[in-house]
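Sequence and computational prediction follow.
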Amino acid sequence: MATDTTTGAAQVLDGWRAQGIRFVRFELPDMHGTSRAKMVPIERAYGYAESGLNMYGGVAVLDSRSDVVGGTLYHEEVAYGDQLLLPDLETAAVVPWREATARWICDSTWADGTPLEALPRRVWRKQLERARALGYEPLIGYEPEFYLLTADQELLFEGYHIFNVTRNTYVPFIQELVEQLNAYGLEVITANCEYAGSQWELPCLPLRGMGGPDRCFSFKNAVKELAHLHGYTATFMSKPFADSAGSGLHTHVSLLNVADGGNAFGDESDAAGISAACRSFIAGNLRHAASTYALLAPTVNCMKRRRTHTFSPTNVSWGLEDRSALIRIKGGTTESRHIEHRAPTGLSNPYLVGAAILAAGLNGIEDGLELEPAAHPPAEEDESRTKLPTSVRESLEALEADERIAGALGEDFVTAYGVMRRYELSRFDDHVTDWERNEYVEIY
């Protein structure tokens with residue numbers, strides 16, 4: 001690491017020691033948005049911050065069961081070697097619910113300094129750098145929905161009653177959760193029960209650049225850890241119950257002009273209040289909707305969330321304040337105008353969601369794409385619109401065939417991600433479900 005970075009790390013660590021911090025987490029976001037971390041005594045953190053903390057190199061490309069999947073580039077291909085975690089100093093934070101503990105989110109390299117190109121934070125960073133080269137700074141915020149369950153994974157209550165004041169704070173843990181998350185620096189802005197029983201949503205303020213995905217990553221892992229500490233299970237699984245609502249990760253994006261900080265998406269003279277850049281950005285996301293869907297709805301469970309009349313998009317569409325559209329225009333003023341991408345699901349990785357949306361949108365801007373007319377509202381009933389992929393295999397094939405998106409995300413990522421996801425699909429294909437037994441055991 002450069003001397004100034006090393007000096008900066010030492011200053012952070014000295015400050016933490018003065019606050020009584022004794023342990024430091026080095027956190028690495030994996031393909032699923034899960035934090036893979038090592039905790040070290042603060043005395044040891046100085047050396048690791050300077051030279052890197054060793055961790056198994058393939059940890060970020062493990063599948064959802066943590067299986068080592070051959071062909072994902074960072075296992076047998078590198079003799080199962082180590083990577084080095086290098087802290088991003090801007091992510092320094094004290095973990096308020098753990099005694100004397102702080103954390104950094106890390107990037108990683110091999111011993112020779114070469115980045116691991118398939119890692120989600122690296123994939124997002126490349127799109128961030130691309131946007132800045134075009135004169136834009138992304139502003140991105142997420143709305144994570146999740147279920148809070150008992151330790152045995154049962155609902156705390158049932159029924160549909162969104163925004164009900166009693167259910168908003170059905171258990172004292174919800175208010176404590178907000179307090180702890182804000183003490184962690186996540187800036188929760190609202191908290192309410194969602195559509196289904198035992199489901200909540202706690203959106204945070206959006207952030208520029210790397211901050212948006214970092215904040216969502218921190219939020220999701222913090223919620224799960226805090227729930228565990230209080231005897232609950234929190235899950236961002238897209239559709240944990242067949243007869244209950246799915247969980248989304250609605251993603252709000254705008255581009256700011258690097259030159260003056262103004263919103264590049266707003267235009268008072270436009271009928272929809274959006275600029276030419278915003279129109280091309282949306283058009284790019286519509287053109288690449290099938291291929292980016294592999295990152296926005298990455299698992300078989302995500303597909304079970306996608307149904308009409310559930311506020312989950314089913315086709316390639318956009319609209320003004322249309323909750324059934326794939327992309328919804330939001331913001332009451334020119335400066336607040338932005339898009340809401342409604343395809344991402346609760347379990348989606350925020351780094352990959354951001355990278356997919358930004359890559360597609362920047363393609364649209366670079367190509368000067370014209371935006372088609374908005375879908376006839378509600379968008380989900382507009383039969384003229386192309387349907388979104390109906391399977392993960394379909395969206396993976398679209399991703400790999402889309403040279404522009406695959407090229408933007410990087411060959412290493414597309415290879416590792418595709419192999420890992422297909423391995424998960426093969427495990428799913430081999431699994432005998434309760435439905436099959438209930439349907440076939442007696443009759444056959």
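Right, received. Where do you want to start?

Taking the centroid of the protein, which residue is nearest it?
In the chain, the C-alpha nearest the mean C-alpha coordinate belongs to Pro350, at 1.4 Å (C-alpha atoms, centre = their mean).

Could you list the residues in contact with the helix or strand of the chain with the lowest mean pLDDT?
Using mean pLDDT, DSSP states H and E, the weakest-scoring helix or strand in the chain turns out to be helix 3-18, at a mean of 86. In this structure, residues lying in contact with helix 3-18 by C-beta atoms under 8 Å, 6 or more residues apart in numbering are Met1, Val24, Ile42, Ala45, Tyr46, Ala49, Glu50, Pro87, Leu89, Ala92, Val94, Ala102. Glycine gets a C-beta too; all of them are placed from N, C-alpha and C.

Any idea how many residues pack against Arg307?
Arg307 has 14 neighbours, counted by other C-beta atoms under 10 Å.

from memory it sits against Pro313, does it?
No. At 10.4 Å, Arg307 and Pro313 do not qualify as touching, with contact defined as C-beta atoms under 8 Å.

Now the common contact residues for those two.
By C-beta under 8 Å, 6+ apart, no residue touches both Arg307 and Pro313.

What pairs with the host helix or strand of Gly319, parallel or antiparallel?
Following DSSP states H and E, one finds Gly319 within strand 318-320. Using DSSP bridges, strand 318-320 pairs in its sheet with strand 327-330 (parallel).

Residues contacting the strand it pairs with, please?
So strand 327-330 is in contact with 252, 272-274, 282, 285-286, 317-322, 336-342, going by C-beta under 8 Å, 6+ apart.

can you do 10 Å?
250, 252-254, 265, 272-274, 278, 281-283, 285-286, 289, 313, 316-322, 336-343, 357, 361, 374-375, 379 (C-beta atoms under 10 Å, 6 or more residues apart in numbering).

contacting residues for the residue nearest to the centre of the chain?
Contacts for Pro350 (C-beta under 10 Å, 6+ apart) come out as 29, 33, 120, 124, 140, 142, 144, 212-220, 249, 251, 344.

out of these, which are inside helices?
Pro120, Trp124, Gly212, Pro213, Asp214, Arg215, Cys216, Phe217, Ser218, Phe219, Lys220 (DSSP state H).

What is the nearest of those residues to Val419?
Pro120 (15.5 Å; C-beta to C-beta).

so how far is Val59 from the spatially closest residue to that closest one that is not a sequence neighbour?
Sequence neighbours aside, Tyr351 is the residue nearest to Pro120 in space, at 3.8 Å (criterion: C-beta to C-beta, 6 or more residues apart in numbering). According to C-beta to C-beta, to the nearest Å, Tyr351 and Val59 sit 15 Å apart.

Over to Arg305?
For Arg305, the distance to Val59 - C-beta to C-beta - is 28 Å.

Do I have it right that Glu187 meets Pro206?
Yes. The pair Glu187 / Pro206 is scored as a contact, 9.4 Å apart, by C-beta atoms under 10 Å.

Which of the two has more residues huddled nearby?
Of the pair Glu187 and Pro206, Pro206 is the one with more neighbours under other C-beta under 10 Å, namely 21 against 15.

so which strand or helix has Trp200?
strand 199-201.

Report all helices and strands that the very next helix or strand once past that strand contacts.
Where DSSP H and E defines the elements, the next helix or strand beyond strand 199-201 is strand 207-208. The helices and strands touching strand 207-208, judged by 3 or more C-beta pairs under 10 Å, 6 or more residues apart in numbering; DSSP states H and E, are strand 136-150, helix 211-229.

Roughly how far does Leu229 sit from Ala242?
Computed as C-beta to C-beta, the Leu229 to Ala242 distance reads 29 Å.

more crowded one of the two?
For the pair Leu229 and Ala242, the greater number of neighbours falls to Leu229 (12 against 7), based on other C-beta under 10 Å.

SS state for the residue nearest to that one when sequence neighbours are not counted?
Distances taken as C-beta to C-beta, 6+ apart place Trp97 nearest to Leu229, at 6.5 Å, with adjacent residues excluded. Secondary structure, DSSP: H, G, I helix; E, B strand; the rest coil: Trp97 is coil.

what does stretch 376-383 rub up against?
307-328, 342, 374-375, 384-385.

Kindly recompute the last result at 7 Å.
Residues from elsewhere that reach stretch 376-383, judged by C-beta atoms under 7 Å, 6 or more residues apart in numbering: Thr308, Pro313, Thr314, Asn315, Ser317, Gly319, Asp322, Ser324, Ala325, Ala375, Arg385.

Which members of the residues you listed occur in strands, if any?
Per DSSP state E, strands hold the following members of the contacts of stretch 376-383: Gly319.
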